[in-house]
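>>> Whatever this is, show me its structure:
(2 chains)
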Amino acid sequence: MRIQLTVNGERHEADVEPRLLLVHLLRDVFRLTGTHIGCDTTHCGACTVLLEDRPVKSCTVFAVQADGKRLMTVEGLEQDGRLHPIQEGFVQEHGLQCGYCTPGMMMTSYAFLKRVPMPSEDDIRHAISGNLCRCTGYVNIVKAVQHAAARLQEGGA
Amino acid sequence: MIPSAFEYHAPTSLADAVALLAQHGDDAKILSGGQSLIPLMKLRLATPRHVVDINRIAGLDYIREEDGVLRIGALAREADLEASALVRARYPLLHDASRVVADPLVRNLATVCGNLAHADPANDHPAAMLALGAEVVATGPRGERRVAITSFFTGPFATALRADEVLTEVRVPAPPPRSGGAYLKFERKVGDFAIAAVAVQVALDPAAICTDAGIGLTNVGTVPIKARKAEAFLRGKALDDATVRRAGELAAEEADPADDVRGPAAYKRDLVRVLTARALRLAAERAGGR
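The predicted structure is shown next:
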């Protein structure tokens, strides 16, 4: 089945089997390997991408469902060689160790801060509760999101 | 994990979706949020030959109250329920449930109606809807019919839906004044199914006497359980501590849990006792009766 969709502002087309998962379309067909496959069972959130602005687990969406839709992946965060404040937050606050969960964490946080620009720590922990990190204990991830929230408030995007 | 091959259909009208179901019968599955179906297909526990994606049908994503009924359409997402000011203000039981179904990412796609149609006894909305006395709308080739939620769940993963019907709406009667509800879920971690969970809805009269009570139990039986004895016991009584505790004991007797990875049956039964009493206290407080 032929599908066309927009990823990070760029139009893409592909001819796919209906059973192809969105995460495989992104990684194997479009070679956008920033999106990770973690558990492959809808638990971990490493594969999180934005589908029409909402963060979803791309291992649990068929590529054909994204036909005609707008997607954003971790590759879409950086603009003109400048890190997005959410990326800067993860660097500054040491919000990662192995880095495997980081693309998903950042996509969830990116969408969350658009919806809730000045979150409490509880808000942040609720928002990222579908993304698992096995290294950090989440403390520095929460700080990274707080860092980004502050920078975005200053107009740092 | 790669699902078995299937033919994908994306109808843009309900009539077309129903026609596809009528044509393919048990070989077809409806895809709404897909957050239960796709994991099952990846594990090849579900191998439908035809997948009918209803996401391109316009006008099914509503959550609105009219004529004394809260109507939730087939494509209303769990995240929409969680964000709804109407639901938060008027249906605290549903608001509670919306925050503990799976996790926030899953809730961006998962639908309330899908949670019911999938009929996993571990799902959260079946117990909530049993407590609220909801009914579902099934749309098939001969039009719509309504099914009381009490006769909807016919077995584990089995419902009163016919092979050619789509669950298009769930209807919740608007609560009378001085009503309150709560959903308490005990889970190992965010995203897991409940070890046990309890849904409670109560209505009080001006003297704070309970005029009606609904209690639903999650994941303590092969189907979601309506705790009828506990409900009957509460009617006509003030919801004081002794009454609430006794209702918890009755609900625990009505639970039918099994030993599994989430704990022994006796533990789950005791959770029902404790959670029922806590949920009743919270529901009564929200109804303004405590």
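>>> Buried residues, stretch B:139-147. List them.
Residues of stretch B:139-147 classed as buried by neighbour count (16 or more other C-beta atoms under 10 Å in any protein chain shown): B:139, B:140, B:147. To be clear about C-beta, it is placed using only N, CA and C from the backbone, and glycine gets the same treatment.
>>> Turn those residues into TSV, columns for distance to chain A.
Shown next, in TSV, are the buried residues of stretch B:139-147 (distance: C-beta to the nearest C-beta, whole Å):
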residue	distance to chain A
B:139	22
B:140	24
B:147	28
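>>> out of these, which one sits closest to residue B:183?
Set against residue B:183, the nearest of the buried residues of stretch B:139-147 by C-beta to C-beta is residue B:147 (22.2 Å).
>>> quick one: low-confidence ranges for the chain?
Using chain A. A:156-157 (pLDDT under 70).
>>> sorry, should have said chain B
Scanning chain B for pLDDT under 70 picks out the ranges B:289-290.
>>> Phi and psi next, for residue 12.
In the absence of a named chain, chain A is used. Main-chain torsions, residue A:12, degrees, to the nearest 10: phi -130, psi 150.
>>> I was after chain B.
Main-chain torsions, residue B:12, degrees, to the nearest 10: phi -110, psi 0.
>>> roughly how far apart are the nearest residue to it once chain neighbours are set aside and residue A:120?
Closest residue in space to residue B:12, ignoring its immediate chain neighbours: residue B:56 at 5.1 Å, by C-beta to C-beta, 6 or more residues apart in numbering or on different chains. Using C-beta to C-beta, to the nearest Å, residue B:56 is found at 37 Å from residue A:120.
>>> Equivalent analysis for residue A:99, please.
In terms of C-beta to C-beta, residue A:99 sits 26 Å off from residue A:120.
>>> Looking at those two, which is more packed in?
A count of neighbours by other C-beta atoms under 10 Å in any protein chain shown puts residue A:99 above the other of residue A:99 and residue A:120, at 13 against 10.
>>> Return the distance of stretch B:142-153 from the chain's centre.
14 Å (C-alpha atoms, centre = their mean, to the nearest Å).
>>> Helix, strand or coil: sort out residue B:137 for me.
What DSSP: H, G, I helix; E, B strand; the rest coil gives for residue B:137 is strand.
>>> Contacts only, for it.
B:144, B:145, B:146, B:147, B:167, B:168, B:169, B:170, B:171 (C-beta atoms under 8 Å, 6 or more residues apart in numbering or on different chains).
>>> what about the residue in chain A that chain B sits nearest to, how many neighbours?
Among the residues of chain A, residue A:130 lies closest to chain B, at 3.1 Å counting by C-beta to the nearest C-beta. Using other C-beta under 10 Å, residue A:130 has 25 other residues around it.
>>> For the spatially most central residue of chain A, give its distance to residue A:5.
By C-alpha atoms, centre = their mean, chain A has its centre lying nearest to residue A:107, at 2.4 Å. Distance of residue A:107 to residue A:5, computed by C-beta to C-beta: 16 Å.
>>> Greatest separation within the contacts of residue B:137: which pair is it?
Put simply, by C-beta to C-beta the two of these set farthest apart are B:145 and B:170, 13.8 Å from each other.
>>> residues near the residue of chain B found nearest chain A, how many?
Nearest residue of chain B to chain A (C-beta to the nearest C-beta) works out as residue B:103 at 3.1 Å. Close neighbours of residue B:103, defined as other C-beta under 10 Å, add up to 25.
>>> tell me the contacts of residue B:231?
B:213, B:214, B:215.
>>> what about residue B:86, how many neighbours?
Neighbours of residue B:86 using other C-beta under 10 Å come to 14.
>>> got a list of what residue 109 touches?
Assuming you mean chain A. By C-beta under 8 Å, 6+ apart, the contact set of residue A:109 is A:86, A:124, A:127, A:128, A:144, A:145, A:148.
>>> Chain B was what I was after
A:54, A:56, A:60, A:61, B:33, B:34, B:35, B:77.
>>> what do you get if the cut-off is 10 Å, keeping everything else the same?
A:51, A:54-57, A:60-61, A:65, B:32-35, B:38, B:55, B:77-79, B:102 (C-beta atoms under 10 Å, 6 or more residues apart in numbering or on different chains).
>>> Same check on residue B:143?
Residue B:143 neighbours (C-beta under 10 Å, 6+ apart): residue B:18.
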